[in-house]
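*Asks:* Got a predicted model here, sequence first, then my questions.
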Amino acid sequence: MPTVVIADDSPTLRRIVSSVLTRAGYDVVVAEDGVLAVQAVFRTQPDAVVLDIQMPRVSGYVAARVLKDDWQTADIPVVLLTSLDAASDRYWGSQTGADRYLTKDFAAPELAAAVAEVLAVAAQRRAGRPPLRPDPLELSDDDVLGRVCDLLDRKLFETSVAAEVTAIATTSHGFESTVAALLGLLARFVDFDLAAVLLSAERAAYVTVARPCAQAHYADFLAATADGLTAATGTDCVSVGLDVRVADLEGLLVADADDLPAGAAAGRMATFLSMPLRGYGGQVVGVLALSSAERNAFGESALSTLRLIEGPAAIVIDHARLAQAHAT
């Protein structure tokens, strides 16, 4: 028998929803607010969750985000059940990752059908695999609220980073200054030795030197960046003959590894990362590449930040590229 966690601060609604789903053949676990709902989900690993939005301590919006943010509960379908029915409410509900949005003027068959539908969709996504059942986890109130704070802090960080990337389009003038501003912003979030934007059609590379670096590392980096563009576009690109412009105002690029300051990493590239830049229409217009002389330099935090800025950065660069082409 499938298990459904339902959460509502109204005893009347809890009884109604519980009765409807029990008659429909579900085993029901009830919770009185968002904190208790999250605890119940981690403890019981249900097949689906039905959340009221306006609840004490933690709203249904936030509870849904917490559940969808954790690998142990991300695949559990969530139905938001609420009296809020403005377009903005439905939009915000969709942004939580919830699978369905249902208003409280529902008829009993409608609620049962909504739960059955999200369960069927979840089963289809698994393609015949059984649902993931992690070990039950007991969370204290502080554990749940800690997850809420971590999630909200991360979302604020993501929003701030995306806003700063987008603002480059209005504060920078000219293509090169746009790329320089983007790579300079990236240096605030990710530690790297070299960073570059390599454009496909223009065969032009814009390189920033962030830390002391030897020419051997620089040559490896350019070759790897060209290979990254080849992989992203399917069109051969080699580093020979590229129009390369290097920003190295502090003279950090040195001829030989022996010239590196004491404490600097080895003179060859040890870690490389590139990602395609997709402009308008999804077309790959270039790649953004990073390198470091340190092994395993780009951890999950750096990768998360790069995934976050990938879309906005590509649009900003493509906009500046097209504006420059139009001006000339």
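*Replies:* Alright, I've got the coordinates.
*Asks:* now the helices for the stretch 201-328 of the chain?
*Replies:* Per DSSP state H, counting those that start in this stretch, the stretch 201-328 of the chain carries helices over the ranges 215-233, 300-327.
*Asks:* least reliable of these going by mean pLDDT?
*Replies:* When those are compared by mean pLDDT, helix 300-327 comes last with a mean of 79.
*Asks:* what ranges do the helices span in the stretch 51-200 of the chain?
*Replies:* With helices called from DSSP H, counting those that start in this stretch, the stretch 51-200 of the chain shows them at 60-69, 87-95, 108-126, 141-171, 175-189.
*Asks:* Dump the helices of the stretch 201-328 of the chain to TSV, plus distance to residue 187.
*Replies:* Heads up, the C-betas are built off the backbone N, CA and C, glycines and all. Shown next, in TSV, are these (distance: least, Cβ to Cβ, whole Å):
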stretch	distance to residue 187
helix 215-233	15
helix 300-327	11
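*Asks:* Tell me which of those helices sits most buried.
*Replies:* Mean neighbour count (mean count of other Cβ atoms under 10 Å) peaks for helix 215-233 among those, with a mean of 20.
*Asks:* right, so of the helices of the stretch 201-328 of the chain, which gets closest to residue 57?
*Replies:* helix 300-327 (28.2 Å; Cβ to Cβ).
*Asks:* returning to that earlier point: looking at the helices of the stretch 51-200 of the chain, which one is packed in the most?
*Replies:* helix 60-69 (a mean of 24).
*Asks:* Tell me which other helices or strands that one touches.
*Replies:* helix 34-44, strand 48-52, strand 78-82, helix 87-95, helix 141-171 (3 or more Cβ pairs under 8 Å, 6 or more residues apart in numbering; DSSP states H and E).
*Asks:* one more time with 6 Å, if that's ok
*Replies:* helix 34-44, strand 48-52, helix 141-171 (3 or more Cβ pairs under 6 Å, 6 or more residues apart in numbering; DSSP states H and E).
*Asks:* nearest to residue 75, of the ones you listed?
*Replies:* Going by Cβ to Cβ, the one of these nearest residue 75 is strand 48-52, 10.7 Å.
*Asks:* How far away from the center of its chain is the closest one?
*Replies:* On the basis of Cα atoms, centre = their mean, to the nearest Å, strand 48-52 sits 24 Å off its chain's mean C-alpha point.
*Asks:* List the pairing partners of that strand within its sheet, with orientation.
*Replies:* Strand 48-52 has its sheet partners listed here by DSSP bridges as strand 3-7 (parallel), strand 78-82 (parallel).
*Asks:* Quick check: residue 14 vs residue 51, distance?
*Replies:* 12 Å (Cβ to Cβ, to the nearest Å).
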